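Chemist: quick one, structure for this:
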Amino acid sequence: MASQDEQDPRISKISSAICVREVLPRIMFQDKTTLLLDNKAFRGTIDLFVERYRGKNISIVAGVEARGFIFGPRIALAIGAKFVPMRKPNKLPGEVISEVYSLEYGTDKMEMHVGVVQGGERALIIDDLIATSGTWGAAIRLLERVGGVCLCY
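Modeler: Sure, this is the predicted structure:
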């Protein structure tokens, strides 16, 4: 991994693989799904996460629906953690706990299986976008309610 004084050459490859789309006048959206079209950029993205988080005693990678499901399991496997999906209501089978969160236009709910997180487990949350931070906050609250420790780097 490159030192902080120099930029890792993978960063420019990753940046060029991300498509910027105008979703409303003057509102731009960075579409990270376009990374999937470029094997080197996608591999570089996963590798950078793995290099950053390997050896940090992370036992959970929580992926927020849906793009967190693309990146999260690969990172979890590489660092030796379990993957915990966080989904919209009524998508997970079995017993779940839920957390309501605010959106720009209302509210929604996120769910996680009961019993998948043990007290004191260290968790990394993977999501693709932080707009109002509603999903991010809900994921943190869900993990912390069951004793997880959320890591923010």
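
Chemist: could you look up the SS state of Leu77?
Modeler: Three-state secondary structure (criterion: DSSP: H, G, I helix; E, B strand; the rest coil) places Leu77 in helix.

Chemist: and for Glu99?
Modeler: The three-state label for Glu99, taken from three-state DSSP, comes out as strand.

Chemist: can you count the residues close to the residue nearest to it when sequence neighbours are not counted?
Modeler: Closest residue in space to Glu99, ignoring its immediate chain neighbours: Ala138 at 4.2 Å, by C-beta to C-beta, 6 or more residues apart in numbering. Every residue, glycine included, has its C-beta placed from N, CA and C. With neighbours defined by other C-beta atoms under 10 Å, the count for Ala138 comes to 22.

Chemist: isn't Ala138 up against Ile97?
Modeler: No - using C-beta atoms under 8 Å as the test, Ala138 is too far from Ile97 to be in contact (11.0 Å).

Chemist: and the residue nearest to Val146 when sequence neighbours are not counted, backbone torsions?
Modeler: The shortest distance from Val146 to any residue other than its chain neighbours is 4.6 Å, reached at Val117 (C-beta to C-beta, 6+ apart). Reported as degrees, to the nearest 10, the phi and psi values for Val117 are phi -120, psi 130.

Chemist: with Leu124 instead?
Modeler: On the backbone of Leu124 - angles per degrees, to the nearest 10 - the values are phi -110, psi 130.

Chemist: check what contacts the strand or helix carrying the residue nearest to Glu99 and list those residues.
Modeler: Using DSSP states H and E, Ala138 maps to helix 134-145. Contact with helix 134-145 is made by 60, 62, 64, 86, 97-103, 108-110, 112, 117, 123, 125, 127, 130, 149-150, as judged by C-beta atoms under 8 Å, 6 or more residues apart in numbering.

Chemist: which of those are buried?
Modeler: Buried positions within these, assessed by neighbour count (16 or more other C-beta atoms under 10 Å), are 60, 62, 64, 86, 97-99, 101, 110, 112, 117, 123, 125, 127, 149-150.

Chemist: how about the helices in the chain?
Modeler: Counting by DSSP state H, residue ranges of the helices within the chain are 9-17, 39-53, 68-79, 134-145.

Chemist: quick one: strands adjacent to the lowest-mean-pLDDT helix or strand in the chain?
Modeler: Least confident helix or strand, the chain: strand 27-31 with a mean of 78, by mean pLDDT, DSSP states H and E. Note on strand 27-31: by DSSP bridges, its sheet partners are strand 19-24 (antiparallel).
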